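Participant: curious how this folds, go ahead:
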Amino acid sequence: MDFPDDIWLEIFKFIAPKQLATDIRLTCVRFNQLSIGPRFRHILWLTPVQIDRNSGLWPTDSSRASLAEVLRVGPMHPGIRLYDSIHARMLCLIRLHTLTIAHIPYSKDTFRVLERLPMLRNLRIIDSLYWTPRDFILTELVTRPPQPPMQLPVLPITHLRLQNMSFFNRETPEKSHPLRLLTCPNLKSLAITWDPFVGMAYQLNVHDPLGKNPRAAGNSVATSIYPRPSSSLRSVEVHIPNLSPPFFEGLISLASSPMLRVKIRIEKSVLLKAEIAELASSLRAARYDVTADSTHFRDGSFPSGIRGIWSYTGPLDVLDVFVSPGNNSEMHGIGHEVLELSIDSDASRETPLTHLHLLSSGDTLSDLISRISRLREPLLLQSLDISVFTLDVEIFFAACALLGNLEKLVVRYRYGEVDEDLVITLGSSILPNLKYLRTLRVFCLSKQPAHLPKNINIDSYLMDYILAWSRFNPSLRRVQLGGMGSAWWKRWDTDKWRRAWVEDVHGGEDVYGGDSSDLTWTDESSDLDEVWTELDTT
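Facilitator: Numbering: from 1, shown residues only. You can find the predicted model right below:
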C-alpha cells in the first residue's frame, strides 16, 4: 500500500530535522524530494558563518523561502553590515510563524522587519540589548537612507516573550522600544522578565488606549491614568529575579485588567519584614476603579495587588502581597482585602489560585499552614510545591484538611526522614482523603537516604504500599519517596507501575544554599518521558 505525499509530509512533521537531513532523505529519491520542505521549516542562524554560507539561498529562491516557519537568530556579535544582511534575508521569509532573537542587539530595524512578516504569531526576544543610533557612534549608519515611520498597531503577534531584555536609560519615549509590542492589538499571551528598570521603561514607553503617558505628561502616579497593554491580552507570566521595592509601579498597571490570568515566579526577595508590612499596608488601604478604558487610582497609593494570579512561585514571606488572604474581615494577615475594591462585583472576582510553589517555608510550620489556610479558596488549589527545613507529618495532615482537591503535592525537605511510620500514615490517613491526587513527591534536598526497615528490598517494600494506595486512590500516577531513584509511575489507571528515574531538569542551587544540581525535582505539568524515564529492568 502506497501513501500519498500529503500523508508522508504529515509524518515528517514529527521527525527531527537532523533525521530528515540524514536518514530519511537517503532512503529513496521520493523521500529526498518530500523532505525538502520539512528540512527548511526550522532555520537556525547562530553564527556569521551560517549566514554567509547560505547568503544566496533566501533572496533568490522564493519557493524555499516560503517554506520557512520557525527562525532562531543568535547568539553572535557581528558588525552592523551583517545585521543588515540578516534583516534583508528575514524579509524573504514571508510565511515565518515563530521568530526567536537571542543574544544579539535589537534595534528599530528589527521592528521594520516585523512589520513585513504577515504570518508572524510567536515572537521571543531573549537576552538582547535594545539600542538606537544615538547610543553608539557608528559610521556605518551615516550612509543609511531615511526609513519610513513604523506602524506598530498592525503587527499580528499573538504570543510574546521578553526575557532578560536590557536597554539604556531614557527620559523620553521610544517608538521602537520592545515594550511597545505589548500594545499589539492581537496579543493574547505575554512572558516577561520584570525588574525596576523594566518597570520604569514600561511606564515611559507603553501608552494606554487614550494615548496618555503619565511620565511624559508630567503627572504624578496618584492622579494619572496608568498605561495598559493590549485589551486582548489574557495570559501574563512574570519572572522576577530579585524582588525589590520599586518593582510594583509598572507591574500593577500591567496586570490591572480583571480578565487576565497571571503567573508569578520570584527567584528571591531582598525586602525586609518592615518593608513587606509597609507595602502590604499600602495595598490594603488602596482603592481603585476599573473602567472599560483605564484604571484610576485614589488616595495617592498603589492599587490593591494583582487580582488574576492563578500560579505563584516564590518566597512565603511575600505570598500575601500578591495573593489575597480571603474575604473574611477577621483575618488580619498581610495582604490586600478584596472587599475594599470599588469595582463591579463581576470584575472583583479574583482568579482562584490553583498552583502554589513556595521556595521557602517561613519561620515555623504553623506559619506555613496558617498562610495557606488564608488563601481565598484553598479547596480550588490543584498544585502545592513547598520546601521545608524539617519534614513533619503535620504538613500532610494540613494538606488533607485544607486542600482536598489537590492533584500534585511536592514536599522537599532539608532534614528529616521518610520512615516506615510516615509511609503507613500516608496510606491510612492522608491519601484516602486526597482522591484527585496524581503526583506525590516527598524527597530530601541532600543525599540522605530514606530510613526504612533494613535487610529488605526497599523497592519491593515501597511497591507494596503504592499498589495498596492506588486501590483507593486510582488517580495516582507518580510517586517519589526519599531521594533519587525512589520513584514509580504509570500512564493510566489499568497500567502497571514502573520503576522510574527522576531527572533534574532544572538544576542549580536549592533554596537553602546547598548544591542540588544532582538531585531531583521536576515539574510534571505534562506526562513527559524525558522527565520520568522507565528503568531498564532486564
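Participant: what about the residue nearest to residue 421 when sequence neighbours are not counted, how many neighbours?
Facilitator: Take residue 421 and drop its neighbours on the chain: the residue closest to it by Cβ to Cβ, 6 or more residues apart in numbering is residue 393, 7.9 Å away. Using the backbone N, CA and C atoms, a C-beta is placed for each residue, glycine as well. For residue 393, the count of nearby residues is 14 (other Cβ atoms under 10 Å).
Participant: again, but for residue 259
Facilitator: Counted with other Cβ under 10 Å, residue 259 comes out at 12.
Participant: tell me which element it falls in.
Facilitator: Under DSSP states H and E, no helix or strand contains residue 259.
Participant: for it, give me its contacts.
Facilitator: Residue 259 makes contact with 234, 308, according to Cβ atoms under 8 Å, 6 or more residues apart in numbering.
Participant: roughly how far apart are it and residue 88?
Facilitator: Distance of residue 259 to residue 88, given as Cβ to Cβ, to the nearest Å: 40 Å.
Participant: surely the residue nearest to residue 421 meets residue 423?
Facilitator: No: at 10.8 Å, residue 393 and residue 423 do not qualify as touching, with contact defined as Cβ atoms under 8 Å.
Participant: returning to what we had before: contacts only, for the residue nearest to residue 421.
Facilitator: Residue 393 makes contacts with 421-422, 425, as judged by Cβ under 8 Å, 6+ apart.
Participant: could you do residue 411 as well?
Facilitator: The contact partners of residue 411, by Cβ under 8 Å, 6+ apart, come to 386, 388, 391, 395-396, 441-443.
Participant: quickly note the distance from it to residue 481.
Facilitator: Using Cβ to Cβ, residue 411 is found at 10 Å from residue 481.
Participant: need the pLDDT of residue 286.
Facilitator: pLDDT recorded at residue 286 is 48.
Participant: correction: residue 467
Facilitator: 89.
Participant: coming back round to it: now do the shared contacts for residue 411 and residue 481.
Facilitator: 442-443.
Participant: the residue lying closest to residue 493 once chain neighbours are set aside: what secondary structure?
Facilitator: In space, residue 493 comes closest to residue 474 once its chain neighbours are excluded; the distance is 5.2 Å by Cβ to Cβ, 6+ apart. What DSSP: H, G, I helix; E, B strand; the rest coil gives for residue 474 is coil.
Participant: how many neighbours does residue 474 have?
Facilitator: 12.
Participant: against residue 269, how distant is it?
Facilitator: Taken as Cβ to Cβ, the span from residue 474 to residue 269 is 40 Å.
Participant: also residue 426?
Facilitator: Counting by Cβ to Cβ, the gap from residue 426 to residue 269 is 32 Å.
Participant: same question, residue 191
Facilitator: Residue 191 is 21 Å from residue 269, by Cβ to Cβ.
Participant: was I right about residue 308 contacting residue 261?
Facilitator: Yes: here residue 308 reaches residue 261: they are 5.5 Å apart, a contact under Cβ under 8 Å.
Participant: residue 467 and residue 490 touch, don't they?
Facilitator: No: taking contacts as Cβ under 8 Å, residue 467 lies outside contact range of residue 490: 10.7 Å.
Participant: those two: who's more crowded?
Facilitator: For residue 467 and residue 490, the more surrounded residue by other Cβ under 10 Å is residue 490, and the numbers stand at 19 against 12.
Participant: pLDDT wise, what is residue 391 at?
Facilitator: At residue 391, the pLDDT value in this model is 86.
Participant: OK, contacts around the closest residue in space to it that isn't next to it in sequence?
Facilitator: Closest residue in space to residue 391, ignoring its immediate chain neighbours: residue 416 at 2.9 Å, by Cβ to Cβ, 6+ apart. Residues in contact with residue 416 (Cβ under 8 Å, 6+ apart) are 390-392, 444.
Participant: quick one: low-confidence ranges for the stretch 1-150 of the chain?
Facilitator: Residue ranges of the stretch 1-150 of the chain with pLDDT under 70: 1, 3-6, 8-26, 30-41, 51-69, 75-81, 132-150.
Participant: neighbours of residue 100, just the number please.
Facilitator: Neighbours around residue 100, by other Cβ under 10 Å: 16.
Participant: in three-state terms, how would it be classified?
Facilitator: Once three-state DSSP is applied, residue 100 turns out strand.
Participant: right, and it touches residue 46 too?
Facilitator: No: using Cβ under 8 Å, residue 100 makes no contact with residue 46, being 10.8 Å away.
Participant: name the residues contacting each of these two.
Facilitator: With Cβ under 8 Å, 6+ apart as the test, residue 100 and residue 46 both reach 72-74.
Participant: ranges for the helices of the stretch 351-500 of the chain?
Facilitator: 365-373, 394-402, 420-425, 458-472 (DSSP state H, counting those that start in this stretch).
Participant: mean pLDDT for the ones you listed: which is lowest?
Facilitator: Mean pLDDT is lowest for helix 365-373 among the helices of the stretch 351-500 of the chain, at a mean of 76.
Participant: and the angle from that helix to helix 394-402?
Facilitator: Going by axes from the mean of the first three to the mean of the last three Cα atoms, to 10 degrees, helix 365-373 is angled at 20 degrees with respect to helix 394-402.
Participant: before we move on, back to that, so what's the residue nearest to residue 493 scoring on pLDDT?
Facilitator: Per-residue confidence at residue 474 stands at 88 (pLDDT).
Participant: roughly how far does it sit from residue 130?
Facilitator: Relative to residue 130, and taking Cβ to Cβ, residue 474 is found at 52 Å.
Participant: please report the distance of the closest residue to residue 260 other than its chain neighbours from residue 264.
Facilitator: Using Cβ to Cβ, 6+ apart and skipping the chain neighbours, the partner closest in space to residue 260 is residue 308 (4.2 Å). Applying Cβ to Cβ, the value for residue 308 to residue 264 is 10 Å.
Participant: who has more neighbours, those two?
Facilitator: residue 264 (24 against 19).
Participant: secondary structure class for that one?
Facilitator: Residue 264 is classified as strand under three-state DSSP.
Participant: which residues does it contact?
Facilitator: Per Cβ under 8 Å, 6+ apart, neighbours of residue 264: 238, 240, 306, 309, 311-314, 322.
Participant: from these, which has minimum pLDDT?
Facilitator: Taking those together, the minimum pLDDT is found at residue 306 (68).
Participant: thinking again about what came up before, looking at the contacts of residue 411, which is nearest residue 434?
Facilitator: residue 396 (9.0 Å; Cβ to Cβ).
Participant: wait, the closest one touches residue 428, no?
Facilitator: No: checked against Cβ under 8 Å, the pair residue 396 and residue 428 is beyond contact range at 11.4 Å.
Participant: start and end of stretch 415-426, how far apart?
Facilitator: One end of stretch 415-426 to the other measures 19 Å (Cα to Cα, to the nearest Å).
Participant: likewise for stretch 357-372?
Facilitator: Stretch 357-372: ends 11 Å apart by Cα to Cα.
Participant: need the contact list for residue 311.
Facilitator: With contact taken as Cβ under 8 Å, 6+ apart, residue 311 is in contact with 263-264, 353-357, 383.
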